[in-house]
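# dropping a prediction and its sequence here:
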Amino acid sequence: PESKPDSGPILAGCRMLGVAPEDCVYLGDAPFDVHAANAAGCISAAATWGMFDRAALEPEHPDWWCADFGEFAARVLAG
């Protein structure tokens, strides 16, 4: 019943996949995405190609900044 920015949907996804939140990266392009990822204990990745610009995302303190999906994929693959 919860929705972002609550961490509930992300935590439910982690449970369904059988993975710990701290072993996950959550990519989002909105401040409430980053907030939810941080609250869930995931690595939060801010997508700067979406609807919100960097200035709107900065107050949520994402762990990663990604200018495009290729950059995101490279960071995930790098570990």
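Cool, the structure landed.

# drop to CA atoms for contacts and neighbour counts, all remaining ones
Will do.

# so which residues of this protein form strands?
25-28, 43-47, 64-66 (DSSP state E).

# centroid-nearest residue for this structure?
Note on the chain: the residue nearest the mean C-alpha position is Tyr26, at 3.0 Å, using C-alpha atoms, centre = their mean.

# and the strands of the chain as TSV, adding mean pLDDT and distance to Ala78?
Converted to TSV, the strands of the chain look like this (pLDDT from 0 to 100; distance: least, C-alpha to C-alpha, whole Å):
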stretch	mean pLDDT	distance to Ala78
strand 25-28	97	13
strand 43-47	98	14
strand 64-66	98	13
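
# need those in CSV with distance to Leu57, can you?
Shown next, in CSV, are the strands of the chain (distance: least, C-alpha to C-alpha, whole Å):
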stretch, distance to Leu57
strand 25-28, 10
strand 43-47, 7
strand 64-66, 10
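
# for the residue nearest to the centre of the chain, give me its contacts.
Under the criterion of C-alpha atoms under 8 Å, 6 or more residues apart in numbering, the contact list for Tyr26 reads 33-34, 37, 42-45.

# excluding chain neighbours, what is closest to it?
Ser44 (5.2 Å; C-alpha to C-alpha, 6 or more residues apart in numbering).

# I figured that neighbour hits Asn38, correct?
Yes. With contact defined as C-alpha atoms under 8 Å, Ser44 reaches Asn38; the gap is 6.0 Å.

# between these two, who's got more neighbours?
Shown here are Ser44 and Asn38; by other C-alpha atoms under 10 Å, Ser44 has more neighbours (25 against 22).

# distance of the more buried one from Arg75?
12 Å (C-alpha to C-alpha, to the nearest Å).

# might you report the residue contacts of Thr48?
29, 54, 65-68.

# of the strands of the chain, which stretch is the most buried?
strand 43-47 (a mean of 25; mean count of other C-alpha atoms under 10 Å).
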